[in-house]
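K.L.:
Sequence and computational prediction follow.
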Amino acid sequence: MRSFLLAGGLMLAPSTAFSQQVTDTLSEVEVTGKANGYRQPVSSVGTRTDAPLIEVPQSAQVLTQQLIRDRQAFTLNDMAPMMTGVKANNGMGAFTLRGFTGYNHFDGSFITYNGIRGNLYQWSQQPLLYNIEKIEVLRGPASAMYSEGVPGGLINFVTLKPQAARRFEFDASYGSWNFMRFSADATGAISKKKKLMYRLIAGYDRSNSFRDQQEQENFFIAPSLAYSFSPKTDLNLEVNYAKQKSVHQYDRGTFIKPLADGTYDFDYYPDHLTVQSPTDFGDVDNTSATLTFNHKVNDRLSFTVVERYIDNRLHFADHGVSGAIRNDSINRTYQIWDYAQFSWQTTAFVGYKLSTGPVKHHFLAGIDYNNFGWTKNDYRNSPSTRISILNPDYSNDIPAANPAVDYYDDNEQTNQLSGGYIQDQLSIGERLKVLLSLRYDDYSLRQTPLSDRDDLQGDTSDAHAWMPRVGVVYMAKPNIAFYGNYNKSFNPQRSNSAGSGGPFPPRTATQFEVGYKGDFFKDALSTMVSVYTIEYSNILAADPTPENPNKQTVVDGTRSKGFELTVQGNIKDLCIITGYAYNDHRLLSDNTIGKKGFRYANAPKHIANAWVKYNFSTTRLKGLGIGVGGRYVSDQVGNLATQNFVIPESFVLDAAANYRIGRFNIQCNVNNLTNARYFNGGVSRVTIASLGNPINFRAGINYTIN
């Protein structure tokens with residue numbers, strides 16, 4: 001509780017959806033504010049049309065490029081502490097929003113790029129920020145615009161685009177555990193009339209870890225071209241390639257000591273220990289290409305067509321845990337996986353503006369088609385050696401040439417998701433804004449075995465859903481708004497075969513939310529308060545019978561309710577971002593998942609964050625910036641079925657300083673100043689939890705030519 005009060009004291013101390021090129025008029029608009037600012041007043045993440053955030057009837061937040069730089073954030077996980085109510089659950093790609101876990105998955109149901117489904121990275125990876133201009137968070141169900149997705153919301157990356165003005169930037173960083181990072185960003189016009197523009201972003205990083213035998217290496221390159229046929233028409237091509245090599249593809253976390261009274265000692269085992277073996281490895285190749293065409297017919301009519309393709313290749317070998325810890329030793333499993341997946345996404349929409357008397361309409365109608373799946377899924381899980389946790393011997397880790405296999409995947413899968421939607425943004429006079437949306441989606445899954453080794457031997461799933469959204473905003477003043485929304489989302493059942501008792505209805509979520517938004521200090525500082533409840537239905541639980549031990553059944557779902565507060569922006573030379581989120585997410589019935597009233601896993605009740613940075617601009621210290629902040633996370637259940645596995649609360653304090661002179665900026669960040677031992681969330685039942693980083697630093701230098 002003391003940590004929570006400290007976080008609250010920090011908070012109170014004085015202290016565009018597809019791209020910026022896809023706007024209401026589909027011409028290039030660059031929204032800028034005060035230099036070094038943390039406030040972005042306009043976004044299209046909520047409506048697919050650029051709109052002032054104060055007029056969007058849903059909780060949304062934008063993390064600006066300057067905030068990313070001030071934090072020296074290199075992955076999405078680095079930025080999670082700046083998002084109100086969002087928590088990274090581990091060192092991979094799992095995050096909690098409004099109490100629901102979203103995975104960094106290939107179908108793009110949690111992470112989008114420029115408003116388009118199709119995540120570049122695998123669920124085992126932390127998404128890189130080399131080419132990211134800003135990060136947008138839309139809280140609550142987002143299916144009305146983005147199709148199926150997790151009920152807690154989504155995170156949208158807006159990538160850096162080609163610019164006509166020439167610019168070159170180079171960054172070099174060094175940090176704890178032999179971390180090194182280099183990146184370059186060049187943009188400008190190719191043709192004399194500046195119709196053809198380019199951007200080339202490249203980066204490389206490598207690091208070890210405070211834990212034994214952890215190594216990782218990333219290479220990234222993102223070329224892009226933009227051609228302006230006229231002020232009304234443009235075509236944009238962006239390609240991303242990210243390669244990762246690592247000793248451990250998955251971050252399995254650290255061991256947790258079980259005690260005789262049924263509780264757990266989270267401080268018993270040393271930080272450096274790891275579940276995995278030095279013989280484990282991971283090799284990932286991720287490629288994407290996105291083609292966007294924008295055309296403005298006239299001041300009222302415009303349309304956009306986007307085609308996005310992603311190819312992911314994964315090869316890894318990895319040790320996991322099996323069973324409980326006994327006498328400081330544990331059984332392990334061994335996994336080998338060769339995997340190749342794809343995603344084709346086609347999006348097209350048309351916008352039309354008109355007025356009917358005193359009512360102004362902005363219609364948006366569109367279609368989406370997503371074909372995704374995998375062409376290779378060769379996965380083997382075998383029993384491995386038992387090891388001593390405190391004195392591990394890895395000499396016999398690699399299994400025999402033909403180990404016993406407990407589970408085998410050898411299949412291919414195709415998912416087809418098609419949908420259409422219509423939206424009307426109404427302005428009734430100067431004060432009342434109404435948002436009406438309706439979407440219909442149809443989903444189909446077909447999984448085919450590639451050999452008789454495949455355990456499942458085929459699977460199918462079909463689903464369809466209507467997803468309405470109604471939002472109302474009342475502008476009490478030009479800078480103060482009150483809003484409410486009714487919103488739905490859906491998720492198809494990924495395993496829906498008759499062999500497990502299916503077919504089952506899709507999982508659905510219904511949200512009611514009310515809130516307030518206000519802009520102050522000449523619109524430089526934004527405030528937002530939201531209160532919500534989300535009902536999640538049609539979840540599956542095991543219901544085995546003697547005739548069918550794999551049988552599942554639909555049970556009453558969960559309810560997530562909460563409150564959020566965000567303050568973000570600038571007061572002269574002071575930049576501020578603070579947030580507090582209360583969330584209570586629980587099961588609604590007794591079933592094989594857990595008992596009625598059980599807390600949901602990795603969903604803390606309280607998350608508070610604050611970060612303030614002061615940039616000296618008028619004294620002899622001009623060019624110097626100093627930042628400090630922290631985050632408090634209350635205790636959380638690490639596993640839904642075992643409510644006694646409670647991960648303790650934590651408070652982490654960070655600081656930064658930079659000095660800008662001419663074309664150079666020198667910066668140093670120190671994270672976890674007090675060297676607190678903390679955990680992000682539960683990873684594997686009651687044996688492992690994700691351990692946060694101890695005190696660490698990053699020092700960097702930036703050189704820019706405009």
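P.N.:
Everything's here; your move.
K.L.:
Please enumerate the helices of the stretch 601-706 of the chain.
P.N.:
Taking DSSP state H, counting those that start in this stretch, the stretch 601-706 of the chain contains no helices at all.
K.L.:
all strands of it, in order?
P.N.:
According to DSSP state E, counting those that start in this stretch, the stretch 601-706 of the chain carries its strands in the segments 606-615, 624-633, 636-637, 646-647, 650-661, 664-671, 679-684, 688-691, 696-705.
K.L.:
and the ones you listed, which one is worst for confidence?
P.N.:
Mean pLDDT is lowest for strand 679-684 out of these, coming in at a mean of 85.
K.L.:
what angle sits between that strand and strand 624-633?
P.N.:
40 degrees (axes from the mean of the first three to the mean of the last three C-alpha atoms, to 10 degrees).
K.L.:
Can you give the strand pairings for strand 679-684, parallel or anti for each?
P.N.:
Paired neighbours of strand 679-684 in the sheet (DSSP bridges): strand 688-691 (antiparallel).
K.L.:
Give me the next element, helix or strand, following the strand ranked longest in the chain.
P.N.:
Secondary structure of the chain per DSSP state E: the longest strand is strand 329-356. The helix or strand immediately downstream of strand 329-356 is strand 359-383, counting by DSSP states H and E.
K.L.:
Show me what that next one packs onto, helices and strands only.
P.N.:
Secondary-structure packing of strand 359-383 (3 or more C-beta pairs under 8 Å, 6 or more residues apart in numbering; DSSP states H and E): strand 329-356, strand 407-428. C-beta here means a position set from N, CA and C on the backbone, and glycine is covered the same way.
K.L.:
Nearest residue to residue 371 in space, ignoring adjacent ones along the chain?
P.N.:
residue 344 (4.5 Å; C-beta to C-beta, 6 or more residues apart in numbering).
K.L.:
quick one: pLDDT of the one you found?
P.N.:
In this model, residue 344 is scored at 95, pLDDT.
K.L.:
Could you list which residues are in contact with it?
P.N.:
By C-beta atoms under 8 Å, 6 or more residues apart in numbering, the contact set of residue 344 is 307-309, 369-372.
K.L.:
Enumerate the beta-bridge partners assigned to residue 535.
P.N.:
Beta bridges link residue 535 to residue 510, residue 559, judged by DSSP bridges.
K.L.:
Could you give the number of residues near it?
P.N.:
A count of neighbours around residue 535, defined by other C-beta atoms under 10 Å, yields 18.
K.L.:
That one and residue 507 touch, don't they?
P.N.:
No - counting by C-beta atoms under 8 Å, residue 535 does not reach residue 507; the two are 11.2 Å apart.
K.L.:
Which neighbours do those two have in common?
P.N.:
Taking C-beta under 8 Å, 6+ apart as the contact criterion, the common neighbours of residue 535 and residue 507 are residue 557.
K.L.:
Can you flag the buried ones in the contacts of residue 344?
P.N.:
When these are checked for burial by 16 or more other C-beta atoms under 10 Å, the buried set is 307-309, 370, 372.
K.L.:
Report the secondary structure state of residue 260.
P.N.:
Under DSSP: H, G, I helix; E, B strand; the rest coil, residue 260 falls in the coil class.
K.L.:
What is the least confident helix or strand in the protein?
P.N.:
helix 2-12 (a mean of 39; mean pLDDT, DSSP states H and E).
K.L.:
and residue 374, what is it in contact with?
P.N.:
Counting by C-beta under 8 Å, 6+ apart, residue 374 has contacts 339-342, 412-413.
K.L.:
where does the stretch 51-200 of the chain dip in pLDDT?
P.N.:
104-109 (pLDDT under 70).
K.L.:
Show me where it has its strands.
P.N.:
Counting by DSSP E, counting those that start in this stretch, the strands of the stretch 51-200 of the chain are 51-52, 60-63, 86-88, 94-97, 100-103, 111-113, 116-117, 132-139, 153-159, 167-175, 179-189, 196-207.
K.L.:
Tabulate those (TSV), appending mean neighbour count and distance to residue 425.
P.N.:
Putting the strands of the stretch 51-200 of the chain into TSV (neighbours: other C-beta atoms under 10 Å; distance: least, C-beta to C-beta, whole Å) gives the following:
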stretch	mean neighbour count	distance to residue 425
strand 51-52	20	7
strand 60-63	24	15
strand 86-88	25	26
strand 94-97	26	25
strand 100-103	21	27
strand 111-113	26	20
strand 116-117	25	21
strand 132-139	23	16
strand 153-159	25	19
strand 167-175	16	35
strand 179-189	18	33
strand 196-207	18	31
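K.L.:
Among those, which comes closest to residue 376?
P.N.:
Of all the strands of the stretch 51-200 of the chain, it is strand 100-103 that lies closest to residue 376, at 20.3 Å by C-beta to C-beta.
K.L.:
Now do the contacts for the residue nearest to residue 352 when sequence neighbours are not counted.
P.N.:
In space, and not counting its chain neighbours, residue 352 is closest to residue 363: 4.6 Å by C-beta to C-beta, 6+ apart. Residues in contact with residue 363 (C-beta under 8 Å, 6+ apart) are 351-354, 422-424.
K.L.:
which residues does the closest residue to residue 340 other than its chain neighbours contact?
P.N.:
Counting by C-beta to C-beta, 6+ apart, residue 340 lies nearest to residue 376, which is 4.1 Å off, once chain neighbours are set aside. By C-beta under 8 Å, 6+ apart, the contact list for residue 376 reads 338-340, 412.
K.L.:
again, but for residue 473
P.N.:
Residue 473 touches 54-57, 432-435, 481-483, counting by C-beta under 8 Å, 6+ apart.
K.L.:
Can you flag which of those residues belong to helices?
P.N.:
If you go by DSSP state H, these have nothing in helices.
K.L.:
I'd like these laid out as CSV, including distance to residue 358 and neighbour count.
P.N.:
Output for these, formatted as CSV (distance: C-beta to C-beta, whole Å; neighbours: other C-beta atoms under 10 Å):
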residue, distance to residue 358, neighbour count
54, 21, 21
55, 17, 19
56, 22, 25
57, 20, 28
432, 10, 13
433, 13, 24
434, 13, 16
435, 18, 24
481, 19, 24
482, 21, 16
483, 21, 24
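K.L.:
any idea which of these is closest to residue 569?
P.N.:
residue 54 (12.1 Å).
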